[in-house]
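A.B. asks: need a 3D model of the following:
(one chain, ligands or ions: 1)
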Amino acid sequence: MDNNSKTSKNDLKGKFATCLNCIDGRVQLPVVKWIMENYKIDFVDMITEPGMDGFLSHPLSHLDDIFRKIQITMDVHDSQDIFIVAHDDCAGNPVDKETHQKQVTVSVNLIKEHFPSCKVIGIWVDLDANIEKIIER
Ligand SMILES: [Zn+2]
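C.D. replies: Residues are numbered from 1 along each chain as shown. Predicted coordinates for the structure are as follows:
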């Protein structure tokens, strides 16, 4: 940390959420800002996978590693909100918007089953970085 930094240790305390996002750099900052503004969250723990919604909803995916990472953010940061992101022009999951939205719904239901105490929210990001909520459970 440099001398010009105004961030003190106390500034690094706050409310955490967990986000299951694509690796795509275009959707990181818009998603973090949207979550912070709409859910009064201070920090977003990011777990990424190319085409996360397609990965989570695919019946042959091995999800143990994702579950382990979610559990860490819950245990260490007391995260109680889990966001699942799908976005337009996704190279890791090149399907149409309707399919993305179905996959997000499947993904949200699956994560809610494993972490029933958490609120699970599925969101869609378009090419202009507009974000809409698809489902919340
Ligand atoms: Zn993507």
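A.B. asks: got any ranges where the protein has weak pLDDT?
C.D. replies: Low-confidence segments of the chain, defined by pLDDT under 70: 1-10.
A.B. asks: show me what from the protein comes close to the ion.
C.D. replies: Proximity of the chain to the ion, by CB under 5 Å from the ion, involves residues Cys22, Asp24, Cys90, Gly92. C-betas here are computed from N, CA, C, even on glycine.
A.B. asks: go ahead and confirm the last one touches Gly54.
C.D. replies: Spelled out, that is Gly92. Yes. Judged on CB atoms under 8 Å, Gly92 makes contact with Gly54 at a distance of 7.0 Å.
A.B. asks: these two: which is more packed in?
C.D. replies: Gly54 (23 against 16; other CB atoms under 10 Å).
A.B. asks: which phi and psi does the residue nearest to the more buried one when sequence neighbours are not counted have?
C.D. replies: Leaving aside its sequence neighbours, Gly54 sits nearest to Asn93 (CB to CB, 6 or more residues apart in numbering; 3.4 Å). Geometry field for Asn93 lists phi and psi as phi -150, psi 70, criterion degrees, to the nearest 10.
A.B. asks: please name the residues that touch Asn93.
C.D. replies: Applying CB atoms under 8 Å, 6 or more residues apart in numbering to Asn93 gives the contacts Cys22, Pro50, Gly51, Met52, Asp53, Gly54, Phe55, Ala86, His100, Gln103.
A.B. asks: picking up where we left off before, which of the residues of the chain next to the ion lies closest to Pro116?
C.D. replies: Of all these, Pro116 sits closest to Cys22, with 25.2 Å by CB to CB.
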